[in-house]
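In: coordinates only, sequence not included:
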């Protein structure tokens, strides 16, 4: 059958995990993700030989897995004088005879070495492609001798659609005084996108070659990359450029020329949204 109505009454049972899995993968993506529910699969070592993963939900190639409470798995002891990386994974398994599908928390033991340890191999095939076993890495467990180091998360937590929508639609703005001027420009932000626009009168002339300004870009608008162009003021006969660092430090390039000048620039930020 090439066309099937999944969410429709067919008279007989006809919806399977493949149908729901494909739908979920189409919504959240075909990879492996944690959801922002419960304790979001946070983990600790309850002792040197036990990893404890807290409650939460995961989606493995579209398959929804729910951890109702803390789930534990055993970590084998390390070896004196050697290092090792283990992996804690959620393992999906399908019995190809009965079709029964299960998921469990498994620790994969790495290879001890006196050098730099590597992660052990895990099953990387996709359930969407019909594999019978698939692993979602949750944590790297580093061991140095018999000492267990800090757990390293290996998964992404998907934000709820509400948070994504808010990040795209929330807008803020403020005024920012430009170097060598008494005038302000408009700083605006929508989601992670920042914009500077306006027209000012510069009070001074003089060349600048990456000179540091006394003004700084306020938190909430600082760029993700070094030397990001945040303002290019053009006027008849010249231009005056402003660059910013992720710290908010502003550097100047060019000559303001005691001129009237306008600018329009845009960049991205990872700063929290300002109030």
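Out: Thanks, I have it. For clarity, every value in this text was computed on a predicted model and none was experimentally measured.

In: so what's residue 184 up against?
Out: When contacts are counted by C-beta atoms under 8 Å, 6 or more residues apart in numbering, residue 184 is found next to 175-178, 198, 200. Backbone N, C-alpha and C define where each C-beta goes, glycine included.

In: Skipping adjacent residues, who's closest to the most centrally placed residue in the chain in space?
Out: Central residue of the chain (C-alpha atoms, centre = their mean): residue 156, 6.5 Å from the mean position. With C-beta to C-beta, 6 or more residues apart in numbering as the measure, residue 33 is the residue that lies nearest to residue 156, at 5.6 Å, once sequence neighbours are left out.

In: Tell me how many other residues crowd that neighbour.
Out: One way to gauge burial is a neighbour count; for residue 33, by other C-beta atoms under 10 Å, it gives 16.

In: average pLDDT for the host helix or strand of it?
Out: Secondary structure assigned from DSSP states H and E places residue 33 in strand 32-35. Confidence over strand 32-35 (mean pLDDT, whole number) is 97.

In: Checking my notes, residue 87 in a strand, right?
Out: Yes. For residue 87, which was evaluated using DSSP: H, G, I helix; E, B strand; the rest coil, the result is membership in a strand.

In: Let me know whether it touches residue 108 as I believe.
Out: Yes. Under the contact definition of C-beta atoms under 8 Å, residue 87 touches residue 108, with a separation of 4.5 Å.

In: The two - which one has more neighbours?
Out: Taking other C-beta under 10 Å, residue 87 and residue 108 do not tie; residue 87 has more neighbours (21 against 18).

In: And for the longest helix seen in the chain, what's in contact with it?
Out: For the chain, the longest helix by residue count, based on DSSP state H, is helix 17-28. Contacts with helix 17-28, where a contact means C-beta under 8 Å, 6+ apart, come from 6, 59, 61-64, 101, 127-128, 158.

In: chain center to that helix, what's the gap?
Out: Distance of helix 17-28 from the chain centroid (C-alpha atoms, centre = their mean, to the nearest Å) equals 22 Å.

In: And the strands in the stretch 1-150 of the chain?
Out: Secondary structure of the stretch 1-150 of the chain by DSSP state E, counting those that start in this stretch: the strands cover 32-35, 43-47, 50-53, 56-60, 63-67, 71-74, 83-94, 101-108, 133-144, 147-148.

In: And the ones you listed: which comes nearest residue 114?
Out: strand 83-94 (7.3 Å; C-beta to C-beta).

In: Please identify the buried residues of stretch 245-255?
Out: Using 16 or more other C-beta atoms under 10 Å as the test for burial, stretch 245-255 gives 245, 248, 250-255.

In: What of stretch 260-275?
Out: By neighbour count, with 16+ other C-beta under 10 Å as the criterion, the buried positions of stretch 260-275 are 261, 263, 265, 267, 269, 271.

In: one step back: mind listing what the strand holding residue 33 pairs with, with the direction of each?
Out: Counting by DSSP bridges, the strands paired with strand 32-35 are strand 56-60 (antiparallel), strand 157-158 (parallel).

In: Dump the ones you listed into a markdown table; add distance to residue 237 and mean neighbour count as well.
Out: Shown next, in a markdown table, are the strands paired with strand 32-35 (distance: least, C-beta to C-beta, whole Å; neighbours: other C-beta atoms under 10 Å):
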| stretch | distance to residue 237 | mean neighbour count |
| --- | --- | --- |
| strand 56-60 | 58 | 22 |
| strand 157-158 | 52 | 16 |
